[in-house]
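1. Fold the following.
(2 chains)
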Amino acid sequence: GENVEQHPSTLSVQEGDSAVIKCTYSDSASNYFPWYKQELGKGPQLIIDIRSNVGEKKDQRIAVTLNKTAKHFSLHITETQPEDSAVYFCAWGDSGYALNFGKGTSLLVTP
Amino acid sequence: DVKVTQSSRYLVKRTGEKVFLECVQDMDHENMFWYRQDPGLGLRLIYFSYDVKMKEKGDIPEGYSVSREKKERFSLILESASTNQTSMYLCATLGSSYEQYFGPGTRLTVT
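-> This next block holds a predicted model:
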């Protein structure tokens, strides 16, 4: 599979601050970019996704931006809360079948 | 809500044993996937299936096989378990908008 570089691998923020996680991919054929949140002891859960025909998507405190020219996309979490603490994975694919995943970012939100 | 269940949350097996990991979904999805998740490596695709009795190798199929006799069930088989197959195994299905739904995972330890 293609590589997705995900940074940072760990991130610690104070409650109320913003958190940003960035992923860089290599295959220009990709057109689907989801983000997953994995809490301890659970499987990954889709939190937001974006397709290549838009540059930004927002859902309450969560947003994703996509720069197809530079081949990177980012997850933005505003007004972070302790329950946002989890491992976040970026992924990419070409609309169907299997996804390629980043190596994950462990986010810790401290009160 | 989509429900993906996996037969065991925790499993301990001995080297050389044959191991079956079961995954069942209730949404009539055609595509199903098996990933393994290891610290620092993210999720890696083992096998996927796009229809009953159809299967495709993923990125790391060596040492594994799969079975899809019914649409709702996708099994991962370790013919002869080895210690390097100790991992978290995640099953997923593909929804109509290309989103993947994950099960809770099976943590397998091979001693």
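2. who's in contact with whatever residue of chain A ends up closest to chain B?
-> Closest contact between chain A and chain B, by C-beta to the nearest C-beta, is at A:Gly43 (3.5 Å). Just so you know, the C-beta spots here come from the backbone N, C-alpha and C atoms, and that holds for glycine as well. By C-beta atoms under 8 Å, 6 or more residues apart in numbering or on different chains, A:Gly43 lies in contact with B:4, B:90, B:92, B:102-105.
3. How much space separates the closest residue to B:Leu21 other than its chain neighbours from chain A?
-> Excluding the flanking residues, the one nearest B:Leu21 by C-beta to C-beta, 6 or more residues apart in numbering or on different chains is B:Leu76, at 4.3 Å. With the distance defined as C-beta to the nearest C-beta, to the nearest Å, B:Leu76 ends up 14 Å from chain A.
4. And B:Tyr10, by the same measure?
-> For B:Tyr10, the distance to chain A equals 10 Å [C-beta to the nearest C-beta].
5. That residue and B:Pro104 touch, don't they?
-> No: in this structure, B:Tyr10 is not within contact of B:Pro104 by C-beta atoms under 8 Å, at 10.9 Å.
6. quick one, what contacts the most centrally placed residue in chain B?
-> For chain B, the residue nearest the mean C-alpha position is B:Trp34 (3.1 Å; C-alpha atoms, centre = their mean). B:Trp34 makes contacts with B:21, B:23, B:45-48, B:58, B:64, B:66, B:74, B:76, B:89-91, as judged by C-beta under 8 Å, 6+ apart.
7. swap in A:Glu15?
-> Counting by C-beta under 8 Å, 6+ apart, A:Glu15 has contacts A:80-82, A:109-111.
8. before we move on, the earlier item: which helix or strand contains the residue nearest to the centre of chain B?
-> Secondary structure assigned from DSSP states H and E places B:Trp34 in strand B:32-38.
9. list the buried ones in the helix or strand that that strand is followed by?
-> On the C-terminal side of strand B:32-38, the closest following helix or strand by DSSP H and E is strand B:42-51. Within strand B:42-51, the residues that count as buried by 16 or more other C-beta atoms under 10 Å in any protein chain shown are B:42-49.
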